[in-house]
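J.: Below are the sequence and a predicted model; questions follow.
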Amino acid sequence: MDFIALLMVGESLSGSEPAGLGQVGGISLLERQARMALKAGAARVIVVAPALPADIGARLSEDARLVRVQTADALTAEISGETRAVLMLAPGLLADDRLISATLSGGDAPLLAVFAGDPPAAAQRLDAASHWAGLALLPPARVAGVAATLGEWELSGTLVRAACESGAARLPVDQLPLYVANRRREVPMIWAMPVAEAERAAATDALLAAAQKGCLDWPARFIHPPVENAMVRLLLPTPVTPNMITVATGVLGAAAIWLFAAGHLWWALAIVLLVGPLDGVDGKLARTRHEYSRWGDLEHVLDKVLEYGWILALAWWFSASHGVAAWLAAAGIILFALTEAVSGEFFRRFTGRQLDDWGPFERRFRLVGGRRNTFFWSLLPFAAFGLWWQGFLMILAYAAITFAISHWRLLNAIGAYGRQISDEVRGNFAGTAYDFLPKQGPAAR
């Protein structure tokens with residue numbers, strides 16, 4: 001949808017900072033709203049604020065798509081008649097990005113996102129049946145008209161009242177699904193209007209909890225999160241970006257490659273185990289601070305480069321004592337791991353879902369599936385007894401077994417998906433079934 005976003009700084013309440021200037025998750029709520037709007041596809045973001053702290057103003061001015069006006073009167077000239085809608089967010093609102101997506105796709109303006117059930121305490125009542133959820137999709141002409149005649153009235157509240165009077169549609173956001181595909185789990189919807197410091201701290205906790213992915217291998221699920229969360233909390237108020245963490249992780253990973261190849265196996269393994277939680281810090285920092293980069297997806301490529309580099313470096317060291325067998329073992333590990341990664345990516349592109357999250361079996365198997373974390377944590381007990389070569393062969397066996405199971409589940413899932421979406425595929429499976437196999441579906445007896 002072609003839209004612009006309208007953000008505001010609200011009045012100070014009881015001596016607190018003006019609504020929107022308080023920090024949650026390392027940045028001000030105003031900056032968070034701007035980042036969320038731009039990520040959702042806003043052509044421009046207009047900020048109505050009589051005054052801004054110098055640091056926030058400087059950061060907002062770095063993006064040419066952000067325009068600041070000091071009064072509502074000046075807003076009229078910034079509203080383009082060619083824009084289909086204006087997405088307005090209430091001052092000081094901490095909203096889940098799913099709420100923004102739902103509002104943008106919920107219908108034509110005017111549209112109000114509402115709580116139809118039990119609302120949060122800070123939600124504004126609209127009528128006996130609903131409370132405003134702090135998001136509205138408005139016609140540009142209506143916004144310009146209200147802004148031009150606002151006088152001493154408060155802008156967001158006046159726009160909401162005008163939308164109600166014009167019969168705006170209602171979008172009940174408390175009925176939205178909680179499952180988040182890229183986190184492979186249900187994530188509680190985030191909504192808050194934090195004013196006091198304790199409320200902001202609680203909101204930051206909620207953001208950090210929501211940033212945690214589900215359906216992980218056992219080290220990433222049980223060992224890494226406390227380390228990741230502690231590091232993210234330290235980094236949130238700093239200028240350190242997720243990309244900086246990614247680069248630092250890459251440098252450490254490259255150092256581990258050299259150490260493995262040079263025979264400093266314990267030092268290398270220690271770095272590899274440290275890289276595990278560091279690899280989760282950049283993603284959690286990005287999700288908590290809502291700071292994304294077009295290069296973020298390249299992190300997954302870097303992960304594979306490091307993983308295969310460690311395997312090859314170990315093969316280099318072992319080749320001095322085990323010759324070509326070391327290179328064959330390394331080739332097998334990489335071939336199994338790479339094939340599983342490519343087939344998993346194909347499945348994601350083909351179905352829109354992660355194979356690891358396809359069903360209960362896949363989610364449980366993900367805990368022990370052959371991945372970088374499980375490979376090198378499983379190497380640790382072998383290393384403790386000086387059995388490095390045997391541990392390397394164990395990784396090969398681990399990769400082969402988990403690949404076989406993963407490939408079986410891949411074929412099973414592709415078949416199930418095909419039967420779900422296509423009558424022709426269902427017919428093909430039914431018509432080519434072997435007689436000695438049990439019948440499936442309604443025809444089974």
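T.: Received it, and whenever you're ready, just let me know what you need.

J.: who's in contact with the lowest-mean-pLDDT helix or strand in the chain?
T.: Within the chain, no helix or strand scores below helix 72-78, which has a mean of 84 by mean pLDDT, DSSP states H and E. Helix 72-78 has contacts (CB atoms under 8 Å, 6 or more residues apart in numbering) with 6, 44, 46, 48, 67, 69, 143-144, 147-148, 150, 155. Yep, even glycine has a C-beta here, placed from its N, CA and C like the rest.

J.: Distance from that helix to the middle of the chain?
T.: 35 Å (CA atoms, centre = their mean, to the nearest Å).

J.: Tabulate the CA atom coordinates of the helix or strand just after it in PDB.
T.: Next helix or strand after helix 72-78 toward the C-terminus (DSSP states H and E): strand 85-89. Extracted C-alpha coordinates of strand 85-89, given in PDB (Å, rounded to 0.1, in the frame of the first residue of the first chain):
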ATOM      1  CA  ALA A  85      -3.500   6.600   3.200                       C
ATOM      2  CA  VAL A  86      -1.900   8.000   6.300                       C
ATOM      3  CA  LEU A  87      -0.800   5.500   9.000                       C
ATOM      4  CA  MET A  88      -1.000   7.200  12.400                       C
ATOM      5  CA  LEU A  89       0.600   5.900  15.600                       C
END
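
J.: tell me the mean pLDDT over strand 85-89?
T.: Taken as a whole, strand 85-89 carries a mean pLDDT of 95.

J.: Strand partners (parallel or antiparallel) of it?
T.: strand 3-8 (parallel), strand 130-138 (antiparallel) (DSSP bridges).

J.: Output the ones you listed in TSV; the columns should cover mean neighbour count and mean pLDDT.
T.: TSV is the format used below for the strands paired with strand 85-89 (neighbours: other CB atoms under 10 Å; pLDDT from 0 to 100):
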stretch	mean neighbour count	mean pLDDT
strand 3-8	25	94
strand 130-138	25	95
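
J.: Distance from stretch 103-118 to the middle of the chain?
T.: Offset of stretch 103-118 from its chain centre (CA atoms, centre = their mean): 23 Å.

J.: Could you do stretch 196-210 as well?
T.: With CA atoms, centre = their mean, you get 17 Å for stretch 196-210.

J.: Stretch 135-154 too?
T.: Mean-position distance between stretch 135-154 and its chain equals 33 Å (CA atoms, centre = their mean).

J.: Also stretch 127-141?
T.: That offset, for stretch 127-141, works out to 27 Å (CA atoms, centre = their mean).

J.: Just the C-alpha atoms of that stretch, please, in CSV.
T.: What follows is stretch 127-141, C-alpha atoms only, in CSV (Å, rounded to 0.1, in the frame of the first residue of the first chain):
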residue,chain,number,x,y,z
ASP,A,127,-17.3,3.0,22.9
ALA,A,128,-18.8,0.4,25.1
ALA,A,129,-17.5,-2.4,22.9
SER,A,130,-13.9,-1.4,21.9
HIS,A,131,-10.8,0.5,22.8
TRP,A,132,-8.3,2.1,20.4
ALA,A,133,-5.2,0.1,19.9
GLY,A,134,-3.1,3.2,19.0
LEU,A,135,-3.0,2.7,15.2
ALA,A,136,-5.2,4.3,12.5
LEU,A,137,-5.3,4.3,8.8
LEU,A,138,-6.8,7.6,7.7
PRO,A,139,-7.6,9.4,4.4
PRO,A,140,-5.0,12.1,3.6
ALA,A,141,-7.7,14.7,3.0
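
J.: Please spell out which residues along stretch 190-197 are buried.
T.: Of all the residues in stretch 190-197, those buried under the rule 16 or more other CB atoms under 10 Å are 190-195.

J.: The closest residue to Arg348 other than its chain neighbours: neighbour count?
T.: Spatial nearest neighbour of Arg348, excluding adjacent residues (CB to CB, 6 or more residues apart in numbering): Gln354 at 5.7 Å. Other residues within reach of Gln354 by the criterion other CB atoms under 10 Å amount to 18.

J.: do Asp357 as well
T.: A count of neighbours around Asp357, defined by other CB under 10 Å, yields 17.

J.: residues contacting the residue nearest to it when sequence neighbours are not counted?
T.: Leaving out its chain neighbours, the residue that sits closest to Asp357 by CB to CB, 6+ apart is Arg184, at 4.3 Å. Neighbouring residues of Arg184 by CB under 8 Å, 6+ apart: 213-215, 354, 356-357.
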